[in-house]
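[1] after the sequence you'll find the predicted model.
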Amino acid sequence: MKKIFLALAALATMAAVSCVKDEQYPGATEPEPEPEIVYDYSGLVLNELCGLGEDNEKFIELFNNGSEDVDLAGVTINKDEELAWTGKKGQVIKAGEVFAIVGAKGTTEDGFSTGFSAKKTVIVELFDPAGKKLDTFQRGEKGEGWGGGLDLVEGSWSRIPDGTGKFLVAEATPGALNSTTGTEDPTLVGNGEIVLPEAPLTVVLNELYGDGEDEEKFFELYNPSDKEVSLAGYTINKDEELCWTGADDLKIAAKGFYLILGAKGTTEGGFSSGFSAKKTVIVELFDANGNKLDTFQRGDKGDGWGAGLDLWAGSWSRIPDGTGDFMMTESVTGGAANNGEGAVVDPNVK
């Protein structure tokens, strides 16, 4: 009897533990952690600084030269080599836009903790979350007289143009793009323009063929980069009218070709406009954000636009693929590497 009682007690204890565990951990599996987002901070710069007026009006403004939005969590600003501001999660600076940090001496919730004067020497430094210095603004030479007074600046120090130009004294525009004109401040040190890195290789028009039947004509794209590129939302205009849009699932492989075959809607994946080997034409390629990536133009716009030109029975092909000029080639190699043998210049191609 005692053994039966002990067994029942053990089962009850296990059931109780099981119930507690189930209450603490509902569900059979733990949720997977959200993937970490990696931001590119290399395009962040100091864009405008204003130490004029009341402390709650003074500001330091950033600009994002990058192509993607950046969360400023962990980004820091030092003033005279002391921490003055740290970005919070959710403070986002959009690509090509500004972010104003308004308020000195802690006068505003999201401002900076130090003072900032329009009539003193100062060093302001911007760092990414890993501690890498991104940009510096300095007024006055370090040494004797550091920390002393200088001429009052009636305005702000503004990069003109935004994001890349030198700092000039201009009308203050917190949270908006800077003025387009300003005056030099001879007390600024190391006041240089920002040199942006060259844009990475991107998808281009690579070969165009306009002879033969409409279902044989084509536009060929080439991806010279080392990464696969999504063509979703990419568009092509012919004579400034939309004629093709990339499907949502469309991709082009690294160092790969994509053939848009068929004019006037003769094929399912083709383009809607015509394309003639004996007429003036402009073909333009745009990415999903509307940025123009490449242009092919035959003939000068103006009198005679839309008229006939000499017939070319071959292709217009970039020689070499992706980077070279458009040449007239007898070989038609849609979907494969261009053949430059016997290629000649077309004087009508601009």
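    On my side now, so go ahead. Residues are numbered from 1 along each chain as shown.
[2] what's the separation between Glu57 and Phe63?
    20 Å (C-beta to C-beta, to the nearest Å). C-beta: built from backbone N, CA, C; applies to glycine.
[3] more neighbours: which of the two?
    It is Phe63, of Glu57 and Phe63, that has more neighbours when counted by other C-beta atoms under 10 Å, with 25 against 16.
[4] quick one: the more buried one from Glu330, how far?
    Using C-beta to C-beta, one gets 50 Å for the distance from Phe63 to Glu330.
[5] check Tyr234 too.
    The spacing between Tyr234 and Glu330, counted by C-beta to C-beta, is 29 Å.
[6] same question, Gly74
    The spacing between Gly74 and Glu330, counted by C-beta to C-beta, is 58 Å.
[7] also Gly190?
    Counting by C-beta to C-beta, the separation of Gly190 from Glu330 is 56 Å.
[8] for Glu154, same thing?
    In terms of C-beta to C-beta, Glu154 sits 68 Å off from Glu330.
[9] and those two? Which one has more around it.
    When Glu154 is set against Glu330 and neighbours are counted by other C-beta under 10 Å, the residue ahead is Glu330, at 14 against 10.
[10] wait, what's in contact with the closest residue to the more buried one other than its chain neighbours?
    Of all residues not flanking Glu330 in the chain, Gly314 sits nearest, at 4.4 Å (C-beta to C-beta, 6 or more residues apart in numbering). If you count contacts by C-beta atoms under 8 Å, 6 or more residues apart in numbering, Gly314 has them with Tyr209, Asp211, Met328, Thr329, Glu330, Ser331, Val332.
[11] so what's Leu259 bridging to?
    Note on Leu259: beta-bridge partners Glu220, judged by DSSP bridges.
[12] does it touch Gly335 like I think?
    Yes. With contacts defined as C-beta atoms under 8 Å, Leu259 counts as touching Gly335 at a distance of 4.2 Å.
[13] for the two, indicate the residue with more neighbours.
    Leu259 (17 against 12).
[14] distance check, the closest residue to Val102 other than its chain neighbours against Glu81.
    In space, Val102 comes closest to Phe59 once its chain neighbours are excluded; the distance is 4.4 Å by C-beta to C-beta, 6+ apart. As defined by C-beta to C-beta, Phe59 lies at a distance of 20 Å from Glu81.
[15] what about the two, which has more around it?
    Phe59 (24 against 8).
[16] in this structure that one contacts Gly103, no?
    Yes. Using C-beta under 8 Å as the test, Phe59 is close enough to Gly103 to be in contact (7.3 Å).
[17] residues in contact with the closest residue to Leu72 other than its chain neighbours?
    Distances taken as C-beta to C-beta, 6+ apart put Gly87 closest to Leu72, at 3.2 Å, once the chain neighbours are dropped. Going by C-beta under 8 Å, 6+ apart, Gly87 touches Asp71, Leu72, Ala73, Gly74, Val75, Thr76.
[18] equivalent analysis for Phe63, please.
    When contacts are counted by C-beta under 8 Å, 6+ apart, Phe63 is found next to Leu44, Val45, Leu46, Asn47, Ile93, Glu97, Val98, Phe99, Arg159, Asp162, Gly163.
[19] redo that, cut-off 7 Å
    Phe63 makes contact with Val45, Asn47, Val98, Arg159, Asp162, Gly163, according to C-beta atoms under 7 Å, 6 or more residues apart in numbering.
[20] what residues are shared contacts of Leu259 and Gly335?
    With C-beta under 7 Å, 6+ apart as the test, Leu259 and Gly335 both reach Glu220.
[21] could you pull out the strands for the stretch 201-350 of the chain?
    Along the stretch 201-350 of the chain, counting by DSSP state E, counting those that start in this stretch, strands occupy 204-209, 218-222, 229-230, 235-238, 241-245, 251-252, 257-261, 281-286, 292-298, 315-319, 325-329.
[22] okay, angle between the second one and strand 241-245 too, please.
    Think strand 218-222. Inter-element angle recorded for strand 218-222 and strand 241-245: 60 degrees (by axes from the mean of the first three to the mean of the last three C-alpha atoms, to 10 degrees).
[23] over to the longest one?
    Per the same axes, to 10 degrees, the angle that strand 292-298 makes with strand 241-245 is 120 degrees.
[24] and what of the first one?
    Orientation check (the same axes, to 10 degrees): strand 204-209 against strand 241-245 gives 100 degrees.
[25] for the record, mean pLDDT for strand 204-209?
    Averaged across strand 204-209, pLDDT comes to 96.
[26] same question, the third one
    Strand 229-230 shows an average pLDDT of 94 in the prediction.
[27] now the longest one
    When the per-residue pLDDT values of strand 292-298 are averaged, the result is 93.
[28] start at 25 instead
    Sure, I'll start counting at 25 from here, so that last one is strand 316-322.
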